[in-house]
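[1] Fold the following for me, if possible:
(2 chains)
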Amino acid sequence: MNVFRPSRSALSSSALSSHPARRRLAALLAVGSVLTVTGCAAAAEAGPAEDITITFSSYNYGTAGAAGEGTQALLDAFAEQHPNITVVPEAVPVADVLTKTKTAVAAGIAPDVVQLGYSKLAEALETLPIQSIEDIAGDEWTDHAEGINQALIQTGERDGTAHALPYTVSIPTVFYNADLFTAAGLDPESPPTSIDEVAAAAEAITAAGHYGVYFGAVDSGKSDYLTQSVINSAGGAIVNEGGDITLDSPEAIAGLTAVQDLTTQGLQPAVAVDDAVAAFSSGDLGMLVMTTAVLGNISAAAEGNFELRTSAFPTFSDEEARPTHSGASLVVLSDDEAKQQAAWEFVKFLTSKEGYTMITEKIGYLPLRADLAEDPEYLAGYFAENKLLVPALDQLATLAPYLSFPSAKANQATVLFQDNAVSPIVLRDADVKSTLTEVADRIRDLVGAP
Amino acid sequence: MTVVLTAAPAAVADSSRGRGPRAGRAWPYLTPLLVLLFAWVYGPALFTGVLSFLEWNLTGAPGGFVGLENYARLLREPEFGQAAGQTMLYAAALLPFSTIVPMFLAIMLWQRPGRTSTVYRSLLFLPVMVAPVAVAVSWRFLLNPLQGLANEVIGVIGLPPMNWLGNPASALIVIVLVTAAKVTAFNMLLYSAALSTLDRRTLQAARLESASAWETTRFIVIPQLHKTTLLLGVLSIVLAGQWVFTNVSVLTQGGPDGVTDNVYYRIYTLGFEFFETGMASAAAAIVLLFFALASLGWVLLTRSNLRRSSANR
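    Predicted structure coming up:
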């Protein structure tokens, strides 16, 4: 990349301007410099000409395994292409992203770019000084946004402009242990496609002496992406188009009852999601239904241990499955123009074809530009060899939008939903209907929606 | 030197009653400490009190005056009441581990001086030295319901595996026991210090009277430890909720069904997870008021007891 750095000694030396001949030389140099600037500007990528440092708060950075290594690879690649922009990464636990960002904003030390989970985005857009990324990008926006999943871009819109770009996005999928399937007399070539088939497969695996299935609905990051996927697939939604709270609808009750039945029938261990992932990684659990974000770590654990396969999120009714996505977007908080431009260069790289390719190959999130999976220059070869993401990739086209409760208390409402309804229902045999009704009323009261 | 030692207490005594000629001069010497106390303790406490009447999400400018609405909302939501009840349970459950257990451990080690006793005391004290989060994370691995060592151990004696932290019936007990290891170890050290100051004449008298070890412990040692026990008991009741904070945060986040929650973790959740700064401040004000009234009651009770015993003499 060409980076023009004006030489102060060449342009502003008083010695040069004091003599007529020198003045002419100075004028020539100035004209030459202007032409050089124009040429460079045409050839170089847009962005700050001066050296600049920005901070990047990320919950993947610094973690052990594929997510941390992949994020570091992205930072290294960006640093190589943009030597004048220094990105200082800041690690933050996934459950604390909103907390840390808000306290940093309150303390006046807000990070410039933040990897923000979708379950926290609605509240963040209401309460944090998130800049319009579309405005920062200016003329570059249209070309850059073309090809990115539009549903995900719309999720990050506020006041008609995009404030968040999708970064690391995944869809819940069924990871299954083909060896346990075979040992239980099941055919690994025909994985379950509906919740009833999941229950039947789990029963066979449990009878063979292992744990059957685990739906990661009680997410450790307090996200409700899997809960929403279940309710959507059962024909419901947590919020309807008019903004009414509908998490106690008959469809929602039916969906969560189906997941609870797995627990009460002894087919699903009533444990925390981290414990279930550990059990699946060591080959003790037959099926794990959760985000593809764990693919990198699970693949590494399965290697040489058992044959890992994946299948699409199961149906919960006669309709097709409608999982929603989890993962994170990128938002810019900096109000400094130079930092905003540097942040845009960084965000642009992370969400470019190259960035999304690295994110898929190295971490296991889905490619958010539809053409990448078939482009031989990018991910066609990868998907030809790695089939584990294919089921989720196929469901990306029919992705249900991630819904948030209205108001600036969206995150609080989500935590209330997960802690007071989903957790007791899925793990502790709470009465589904009365629990959902009670929590729905509390959320209505909290967010002021009908 | 002797003059100074005898004169100083008299001056302090006079000042404390406010009648001495130097009483007024003491205040300037206390000013630096009072300034720091106001800056770091009373000032923030007052600020918290003010915030409890406002609506503020921390990131924007403080919102409008909402009167007692934050208090009303706090008392309406079931979580705060439950957290208050659980805090009392923690206080009650940790009380024996901060008084009786460390006292008997300290006495046993005191009665058997030597290298073995020193090594044993060091081993018991080890949990205090380890970083709290590291201890909690270790327990998380040990208590993993599917693959943890704890279930392997109880499996050896034929017991079924337990979901230690996911079962409401066991989660609070686990948090108490995990916290108790550290509290007991620390308080054992304080009891050991108290034991080194026992009146040796009464111990020698008991030996001359051929008192048994138990009789000596029961009638001479334990009564002389009553001030230490009283202090540690009060501290335990006041600080139990804070002691369990790290373990609750790492192991259960207040769950399952809120059984491991406590008021301090609830204040943290309201303030730094939900950014309900006004409600968090109201909760902090209620906790402060509760302990202030409890302390006042305790002081009045102690004073009346002292007066009664003086009158009996």
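
[2] What helix or strand is the residue in the stretch 151-300 of chain A that chain B sits nearest to located in?
    The nearest approach of the stretch 151-300 of chain A to chain B comes at A:Ala279, 4.4 Å away (CB to the nearest CB). C-beta coordinates here come from the backbone N, C-alpha and C atoms, glycine included. Secondary-structure assignment from DSSP states H and E places A:Ala279 in helix A:273-281.

[3] With B:Val287 instead?
    When secondary structure is defined by DSSP H and E, B:Val287 falls within helix B:277-312.

[4] buried residues in that helix?
    Neighbour-count burial for helix B:277-312 flags B:Thr277, B:Gly278, B:Met279, B:Ala280, B:Ser281, B:Ala282, B:Ala283, B:Ala284, B:Ala285, B:Ile286, B:Val287 (criterion: 16 or more other CB atoms under 10 Å in any protein chain shown).

[5] can you check stretch B:196-214 too?
    Burial within stretch B:196-214, assessed by neighbour count using 16+ other CB under 10 Å, is assigned to B:Ala206, B:Ala211.

[6] I'd like to know how far whatever residue of the stretch 151-300 of chain B ends up closest to chain A sits from A:Leu116.
    With CB to the nearest CB as the measure, the residue in the stretch 151-300 of chain B that lies nearest chain A is B:Phe274; the distance is 4.3 Å. In this structure, B:Phe274 and A:Leu116 are 17 Å apart, going by CB to CB, to the nearest Å.

[7] out of these two, which sits in the more crowded spot?
    Each of B:Phe274 and A:Leu116 has its neighbours counted (other CB atoms under 10 Å in any protein chain shown); A:Leu116 has more, 27 against 21.

[8] Return the residues in contact with A:Val390.
    A:Thr310, A:Phe383 (CB atoms under 8 Å, 6 or more residues apart in numbering or on different chains).

[9] correct me, but the residue of the stretch 151-300 of chain B closest to chain A touches A:Ala410?
    No - taking contact to mean CB atoms under 8 Å, the distance of 10.7 Å between B:Phe274 and A:Ala410 leaves them out of contact.

[10] neighbours of residue 224, just the number please.
    Just going to use chain A. A count of nearby residues for A:Asp224, using other CB under 10 Å, gives 29.

[11] actually chain B
    Residues near B:Gln224, counting by other CB under 10 Å, number 16.

[12] and the stretch 1-150 of chain B, which residues reach chain A?
    Contact residues, the stretch 1-150 of chain B versus chain A (CB under 8 Å from any CB of the partner chain): B:Asn57, B:Leu58, B:Thr59, B:Gly60, B:Asn144, B:Pro145, B:Leu146, B:Gln147.

[13] And those, which of them are buried?
    Among those, those buried by neighbour count (16+ other CB under 10 Å) are B:Asn57, B:Leu58, B:Thr59, B:Asn144, B:Pro145, B:Leu146.

[14] Now do the contacts for the residue of the stretch 151-300 of chain B closest to chain A.
    For B:Phe274, the contacting residues are A:Lys409, A:Asn411, A:Gln412, A:Val415, taking CB under 8 Å, 6+ apart as the criterion.

[15] Same list (those) but as JSON lines, adding secondary structure and neighbour count.
    Below are the contacts of B:Phe274 laid out as JSON lines (DSSP: H, G, I helix; E, B strand; the rest coil; neighbours: other CB atoms under 10 Å in any protein chain shown):
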{"residue": "A:Lys409", "secondary structure": "coil", "neighbour count": "23"}
{"residue": "A:Asn411", "secondary structure": "helix", "neighbour count": "26"}
{"residue": "A:Gln412", "secondary structure": "helix", "neighbour count": "21"}
{"residue": "A:Val415", "secondary structure": "helix", "neighbour count": "20"}
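
[16] Determine which two of the residues you listed are furthest apart.
    Taking CB to CB as the measure, these reach their widest spread between A:Lys409 and A:Val415, a distance of 9.9 Å.

[17] how about the strands of chain A, start to end?
    Taking DSSP state E to define them, one finds strands in chain A at A:52-58, A:85-91, A:113-117, A:157-158, A:161-162, A:165-170, A:172-177, A:211-215, A:285-291, A:308-311, A:326-332.

[18] For the second one, buried residues please.
    Of the residues in strand A:85-91, those with enough neighbours to count as buried (16+ other CB under 10 Å) are A:Ile85, A:Val87, A:Pro89.

[19] List, one by one, the residues from the stretch 251-400 of chain A near chain B.
    Within the stretch 251-400 of chain A, the positions lying close to chain B (CB under 8 Å from any CB) are A:Pro269, A:Ala270, A:Val271, A:Ala272, A:Asp275, A:Ala276, A:Ala278, A:Ala279, A:Ser282, A:Asp284, A:Leu285.

[20] burial measure for the last one, as a count.
    Which is A:Leu285. For A:Leu285, the count of nearby residues is 28 (other CB under 10 Å).
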